[in-house]
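Q: Have a look at this fold, sequence not included:
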Ligand SMILES: N[C@@H](CCC(=O)N[C@@H](CSC=O)C(=O)NCC(=O)O)C(=O)O
């Protein structure tokens, strides 16, 4: 297995590392970032994976979210993958900012030409943790997942579909009902095909509403800014809230007055999300 650390940066007595490896799921080089907290010097530490949104890379979270200080206090490893395979040269891959490169949507594509490569669900859940644990002191038995926007959708869906692997799930401004918004229609139509029945398995609201995902862990934690320009057309947190209420799924939605969709919002509430995960991971939070 090829693996390379391309950059190392000391932070809060731990280290942010930028990594690359040859992925079997995507058939490309994939990039990801890892923050290792100082507690890892004493042994394996729990892992929180962060999935970023449209147009982001493995760098975005580490640079903008302000998460390392609190991760260092709590003793949590942070893992942030890139948001899609890159550089495949597929037709249409680089035409739009909300589809293709930087927009893998954390599904396993079934439609040509995407299906052999755009396998971000299997990459995040199966392959990436193994690569991380082979190279960093990660305790995969204690794992949680979080994300933003497209990555909030990813965290919710991958967490709900793989509840045995994740102790807690949280999201900032997630695309909560992608079957019912333009971003979701575009991504799912191209990656999964025209049959909406095939989309439902990748929609957090539908997974909860249908009872196909039965989450019984700590509340699904969601923060949403009221000044978010994408809220009404793309995000639909109230649909997920209604599905959770109807099925008794633990859910906590915080509306944040004046906050928009960006990393000033995310960094403001990052500490609360990491403490939520730390409690689920058995750490003092
Ligand atoms: N087209 C714009 C907007 C892209 C954008 O807002 N991306 C968000 C995620 S949106 C849903 O997944 C983001 O996180 N951007 C990175 C950032 O640093 O804010 C553009 O290309 O900028």
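A: Yep, that arrived. A quick note: this is a predicted structure, and the numbers were derived from the prediction, not measured.
Q: Can you classify residue 47 as helix, strand or coil?
A: strand (DSSP: H, G, I helix; E, B strand; the rest coil).
Q: tally of neighbours for it?
A: Number of residues near residue 47 (other C-beta atoms under 10 Å) recorded here: 26. Just so you know, the C-beta spots here come from the backbone N, C-alpha and C atoms, and that holds for glycine as well.
Q: Count the neighbours of the closest residue to the ligand within the stretch 151-285 of the chain for me.
A: Residue of the stretch 151-285 of the chain nearest the ligand, by C-beta to the nearest ligand atom: residue 262 (4.6 Å). As a burial measure, residue 262 scores 17 neighbours (other C-beta under 10 Å).
Q: Next to the ligand, which bits of the protein? Give me the list.
A: Counting by C-beta under 6 Å from any ligand atom, the residues of the chain lying close to the ligand are 53-56, 60, 64, 97, 148-150, 261-263.
Q: Can you tell me which of those residues are buried?
A: By neighbour count, with 16 or more other C-beta atoms under 10 Å, the residues of the chain next to the ligand hold 53-54, 56, 60, 64, 148-150, 261-263 as buried.
Q: before we move on, the earlier item: what values do phi and psi take at the residue of the stretch 151-285 of the chain closest to the ligand?
A: With angles defined as degrees, to the nearest 10, residue 262 sits at phi -100, psi -170.
Q: what stretches of this structure score poorly on pLDDT?
A: 1 (pLDDT under 70).
Q: residue closest to the middle of it?
A: residue 51 (2.5 Å; C-alpha atoms, centre = their mean).
Q: Torsion angles phi and psi at it?
A: Dihedral angles (degrees, to the nearest 10) for residue 51: phi -100, psi 120.
Q: That one contacts residue 148, doesn't it?
A: Yes - taking contacts as C-beta atoms under 8 Å, residue 51 lies within contact range of residue 148: 7.5 Å.
Q: what's the offset of the lengthiest strand in the chain from the middle of its chain?
A: Looking across the chain with DSSP state E, the single longest strand is strand 138-148. Taking C-alpha atoms, centre = their mean, to the nearest Å, one finds the center of strand 138-148 at 10 Å from the center of the full chain.
Q: and what of stretch 90-100?
A: A distance of 20 Å separates the centroid of the chain from that of stretch 90-100, by C-alpha atoms, centre = their mean.
Q: And that stretch, what's buried?
A: Applying 16+ other C-beta under 10 Å to stretch 90-100 flags 90, 93, 98-100 as buried.
Q: residue ranges of the helices in the protein, please?
A: For the chain, applying DSSP state H gives helices covering 58-64, 68-74, 120-122, 128-135, 150-161, 182-192, 196-199, 204-209, 237-247, 263-280.
Q: May I see those organised as a markdown table, with distance to residue 23 added?
A: Compiled in a markdown table, the helices of the chain are given as follows (distance: least, C-beta to C-beta, whole Å):
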| stretch | distance to residue 23 |
| --- | --- |
| helix 58-64 | 13 |
| helix 68-74 | 25 |
| helix 120-122 | 10 |
| helix 128-135 | 8 |
| helix 150-161 | 16 |
| helix 182-192 | 17 |
| helix 196-199 | 24 |
| helix 204-209 | 25 |
| helix 237-247 | 30 |
| helix 263-280 | 25 |
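Q: Comparing the ones you listed, which comes out most buried?
A: Sort the helices of the chain by mean neighbour count, taking mean count of other C-beta atoms under 10 Å, and helix 150-161 sits at the top with a mean of 28.
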